[in-house]
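> turn this into a model:
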Amino acid sequence: MASGGSKSAAFILLILNLGLYSIVTIIAAWAANHGIERSHETASVLSIPARIFPIYFPFGNMATGFFVIFSLLAGVVGIGTSLTGLSNVLLWNVPNLNAAAASSFITWSLTLLAMGLASTEIAIGYTDSNLRTLEIMTIIVSATQLFCTGAIHVGAEDATRQLNQLMGRV
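A predicted model of the protein is given here:
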C-alpha cells in the first residue's frame, strides 16, 4: 500500500530504539535504585530543605534527580512505543500508522525533555561514568526517535494519500 523504503526504515529504527530505550531504562533504574539506597546516609547530614527534598541523589549534581526520573519515564514509554510501533508498522494500514505516529511523537517529546535535563547536567558538570553513559544514550536515542517519528509520519501520509486515491477522493 505504501512505499517499502519508509516501512523498512521505520521497522529498523523501531528495533534500534527498542534496544536503546532498554539500555536507558536499565541504567536509569540502576541510578534510581542506587540513589534511594544511599540517600538516607548522605541526606542525614544536610540541612532541612535539602533533607526533605524527595529528588535528592547522593551522586552527580543537583540536576541528577530530575534527569534520572525523566530518563526512566522516557525509557519505559519508549519501550512500550517501540513494541506497539513494531506491530503497527508490520500491519501498515492507515489507522495503525496514525496510532504509531502519535505515540512516537509523544515518546519523542518525553525523550527531548530528558535530553534537555541531560544537557543541563552536562553543563553543571561533576558526574560519574554511569551518568555520563546515561546522558549520551539519552542524546543518541532522542536523535534516533526523531528519525523514527519522521519515517512513520512519511509512511502514514503516503498510506493516507494512496487510500484517498483508491477511494476516489482528492
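> show me what contacts T149?
101, 104-105, 108 (CB atoms under 8 Å, 6 or more residues apart in numbering). All C-beta atoms are positioned from the backbone trio N, CA, C, and that covers glycine.
> save these as JSON lines, and put in distance to E135, pLDDT and neighbour count too.
Formatted as JSON lines, those follow (distance: CB to CB, whole Å; pLDDT from 0 to 100; neighbours: other CB atoms under 10 Å):
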{"residue": "A101", "distance to E135": "28", "pLDDT": "94", "neighbour count": "22"}
{"residue": "S104", "distance to E135": "23", "pLDDT": "95", "neighbour count": "30"}
{"residue": "F105", "distance to E135": "23", "pLDDT": "96", "neighbour count": "15"}
{"residue": "W108", "distance to E135": "18", "pLDDT": "96", "neighbour count": "24"}
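> could you single out the nearest of these to S82?
S104 (8.9 Å; CB to CB).
> contacting residues around the closest one?
81, 85, 145, 148-149, 152-153.
> check these and tell me the two furthest apart.
Maximum distance among the contacts of S104 (CB to CB): 13.9 Å, for T81 and H153.
> how far does the helix or strand containing I139 sit from its chain's centre?
Per DSSP states H and E, I139 falls inside helix 129-166. Computed by CA atoms, centre = their mean, to the nearest Å, the chain-centroid distance of helix 129-166 equals 10 Å.
> what are the buried residues along it?
131, 134-135, 137-138, 141-142, 144-159 (16 or more other CB atoms under 10 Å).
> ranges for the helices of the chain?
4-43, 48-52, 64-91, 94-124, 129-166 (DSSP state H).
> of those helices, which stretch is the most buried?
Stretch with highest mean neighbour count among those: helix 64-91 (a mean of 21; mean count of other CB atoms under 10 Å).
> mean confidence score for that one?
For helix 64-91, mean pLDDT rounds to 94.
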